[in-house]
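1. The following block contains a protein sequence and its predicted model.
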Amino acid sequence: MTRLALVIAAGLSAATAAYAAPDPAPSAALVAATKAGTRTPATIARDAFRHPAQTLAFFGVKPGDTVVEIWPSGGWYTEILAPYLAARGTLYAAAPSEKGLAAVRAKRQAMPEAYRALRYAMFPAVAGQPTVPAGSADVVLTFRNVHNWRFGAADQTQAAFDQMFAMLKPGGTLGLVEHHLPEASGKIEEGKSGYMKRSSVIAYATKAGFKLAGESAVNANPKDTHDYPKGVWTLPPNYAEGDVGRARYAAIGESDRMTLKFVKPR
């Protein structure tokens, strides 16, 4: 067995043990952020599937932290993180292009006080673009993005993990939520299906230098069968098949997700 395989195997054993420990309870401040006026009815409707307060508590996000949200897209988590960090923290929205920042820029324009902690960066960045300073972040968060890096014009997955590692202070946390593909998945393709295997994610993180620190089942969904005509997007909230099978997919709910916490060694 190679050294990398041994490290990954050790990480998998550690994560199994971590399942036995109860997740930390969300603080009052974190719960209040999920009820903030920055949120819209459409985002609140997804709380039952995404468990934002419990997820952020598991990742250990504190009000005074410097936090990087990778590829915030429509800003689902930004609506919670911005008010939570507004008084003492810093929140970087890191997107692949200016278009990817449009939604969070609009939110800041509409509610400047609630979003006063917000900064902008490119990820991945090229020379001359705003970046997250190396070694400056306490926490980097990425929600349902790994499959996008894996299946695109070019595989950017390892480069993404390497850059997230560089952003973090020693001892900092990478909090990751991703659509979970069982290890024995047959012909279902990683990335293309929208799902990723847990072992693959751990391998990318380990190669970048991270150590697996824990795992939560808070976003797991045993109803998810993972084998849909149009991948994970068949499930809500996308309903990629339109009205075909909609009641069945609504009953399943959102995807089965792994919630992994990694640390950058001190």
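-> Everything's here; your move. Residues are numbered from 1 along each chain as shown.
2. And the helices in the stretch 51-200 of the chain, which stretches?
-> Using DSSP state H, counting those that start in this stretch, the helices of the stretch 51-200 of the chain run over 52-59, 78-85, 98-110, 146-150, 157-167, 198-208.
3. The strand ranked longest in the chain - contacts with which helices or strands?
-> As assigned by DSSP state E, the longest strand anywhere in the chain is strand 168-181. Where contact means 3 or more CB pairs under 8 Å, 6 or more residues apart in numbering; DSSP states H and E, strand 168-181 is packed against helix 52-59, strand 137-143, helix 146-150, strand 196-197, helix 198-208, strand 257-263. Quick note: C-beta positions are derived from backbone N, CA and C, even for glycine.
4. quick one: that strand to chain centroid distance?
-> 7 Å (CA atoms, centre = their mean, to the nearest Å).
5. Same check on stretch 161-177?
-> Distance, centroid of stretch 161-177 to centroid of chain: 12 Å (CA atoms, centre = their mean).
6. So which bits of it are buried?
-> 161, 163-168, 172-177 (16 or more other CB atoms under 10 Å).
7. again, but for stretch 187-205
-> Buried residues in stretch 187-205, counting neighbours by 16+ other CB under 10 Å, are found at 188, 190-191, 193-198, 200-205.
8. List just the nearest of those residues to Pro72.
-> Distance to Pro72, by CB to CB, is smallest for Gly194 among the buried residues of stretch 187-205, at 18.2 Å.
9. Could you check how far the closest one is from Ser136?
-> To Ser136, Gly194 is 31 Å away according to CB to CB, to the nearest Å.
10. same question, Ala48
-> Counting by CB to CB, the gap from Ala48 to Ser136 is 34 Å.
11. higher neighbour count, those two?
-> Higher neighbour count among Ala48 and Ser136: Ser136, with 16 against 9, using other CB atoms under 10 Å.
12. In contact with Pro72, which residues?
-> Thr78, Ala93, Ala94, Ala95, Gly100, Leu101, Ala103, Val104 (CB atoms under 8 Å, 6 or more residues apart in numbering).
13. my guess is the first one meets Tyr92, correct?
-> No - contact status for Thr78 versus Tyr92: not in contact, 10.6 Å apart, counting by CB atoms under 8 Å.
14. which residues are in contact with both of the two?
-> Taking CB under 8 Å, 6+ apart as the contact rule, Thr78 and Tyr92 both touch Glu69, Leu118.
15. on that earlier part again, quick check: the farthest pair among the contacts of Pro72?
-> Within the contacts of Pro72, Ala94 and Ala103 form the most distant pair, 13.6 Å apart (CB to CB).
16. Between those two, which is the more surrounded one?
-> Shown here are Ala94 and Ala103; by other CB under 10 Å, Ala94 has more neighbours (28 against 16).
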